[in-house]
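In: The sequence isn't on hand, but the structure is:
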């Protein structure tokens, strides 16, 4: 099977299965999405959704959060992973949004990654979901599934290399949703330790479990 045919088969199978989904994080504004994605790093969306209602009620926008200290924010987010560093990141990014971007979330990768705690993956999620850009975030699920299905070569050993390899074969209009199709497949079917191969419609294409080291 040629590479483009493989991509067409994989995306054609996953698209109807997972549908028009974007993110399982709860938010109402680009700022709230940005905060939720920062909090979700190495943490479950379920846990983040448990703590953000109170956080967003107290600090609904960048201007409000910019007035908070990391210690004050920590009280709201202490149950997520790495709460101390994330509290500092939230305080810092809120202040930068107010000082450099008039309190608004910027739309470009370059500007987003200037914000404390915002790397390429976080920026790509915000671009795709909040601003409907053809951005593809590569998390551990996307990384794992892409390798197991042979979508990317073994030499694609970093999230950036996987992102570039995937975007070579995915049509622009499918770039953003493909992230979520691959992510959800990895989260619920093609899991890291005990993949549910009997429930996988793509098992005939699988290259076998791959041990993914944390990055």
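Out: Alright, I've got the coordinates. Since the model is a prediction, treat every value here as computed from it, not as a measurement.

In: Just give the closest residue to residue 113, not the sequence neighbours.
Out: residue 123 (5.2 Å; Cβ to Cβ, 6 or more residues apart in numbering). (C-beta placed from N, C-alpha, C; glycine too.)

In: Starting from the host helix or strand of that neighbour, tell me the next helix or strand along the chain.
Out: If you go by DSSP states H and E, residue 123 is part of helix 120-131. Counting by DSSP H and E, the next helix or strand C-terminal to helix 120-131 is helix 140-148.

In: contacting residues around the top helix by length along the chain?
Out: The single longest helix within the chain, with elements called by DSSP state H, is helix 83-101. For helix 83-101, the external contacting residues (Cβ atoms under 8 Å, 6 or more residues apart in numbering) are 31, 34-35, 38-39, 41, 59, 62-63, 65-66, 68-71, 73-74, 77, 80, 103-105, 111, 114-118.

In: Just the ones in helices from the residues you listed, please.
Out: Reading helices off the contacts of helix 83-101 with DSSP H, I get 31, 34-35, 38-39, 62-63, 65, 70-71, 73-74, 77, 111.

In: where are the low-confidence patches of the chain?
Out: Counting by pLDDT under 70, the chain contains low-confidence residues at 209-215.

In: Got the domain ranges for it?
Out: For the chain, the TED database gives the domain ranges 30-131, 136-205.

In: Those domains: which one's closest to residue 14?
Out: domain 136-205 (3.9 Å; Cβ to Cβ).

In: end to end, how far does that closest one reach?
Out: End-to-end distance of domain 136-205 (Cα to Cα, to the nearest Å): 22 Å.

In: Equivalent analysis for stretch 126-146, please.
Out: One end of stretch 126-146 to the other measures 21 Å (Cα to Cα).

In: If we go by neighbour counts, what in it is buried?
Out: Residues of stretch 126-146 classed as buried under the neighbour-count rule (16 or more other Cβ atoms under 10 Å) are 126-131, 133-146.

In: you'd agree residue 65 is up against residue 72?
Out: No - counting by Cβ atoms under 8 Å, residue 65 does not reach residue 72; the two are 9.5 Å apart.

In: The two - which one has more neighbours?
Out: Using other Cβ atoms under 10 Å, the more surrounded residue of residue 65 and residue 72 is residue 65, with 23 against 14.

In: I'd like the distance between that one and residue 96.
Out: Separation of residue 65 from residue 96 (Cβ to Cβ, to the nearest Å): 11 Å.

In: Tell me how many other residues crowd residue 57.
Out: Using other Cβ under 10 Å, residue 57 has 9 other residues around it.

In: from now on call the first residue 620
Out: With 620 as the first residue, the last one maps to residue 676.

In: Can you list the buried residues in the host helix or strand of it?
Out: Following DSSP H and E, one finds residue 676 within helix 664-677. Of the residues in helix 664-677, 664, 667, 668, 670, 671, 674, 675 count as buried by neighbour count, 16+ other Cβ under 10 Å.

In: Check stretch 815-830 too.
Out: When neighbours are counted by 16+ other Cβ under 10 Å, the buried residues of stretch 815-830 are found to be 819, 821, 824, 825, 828.
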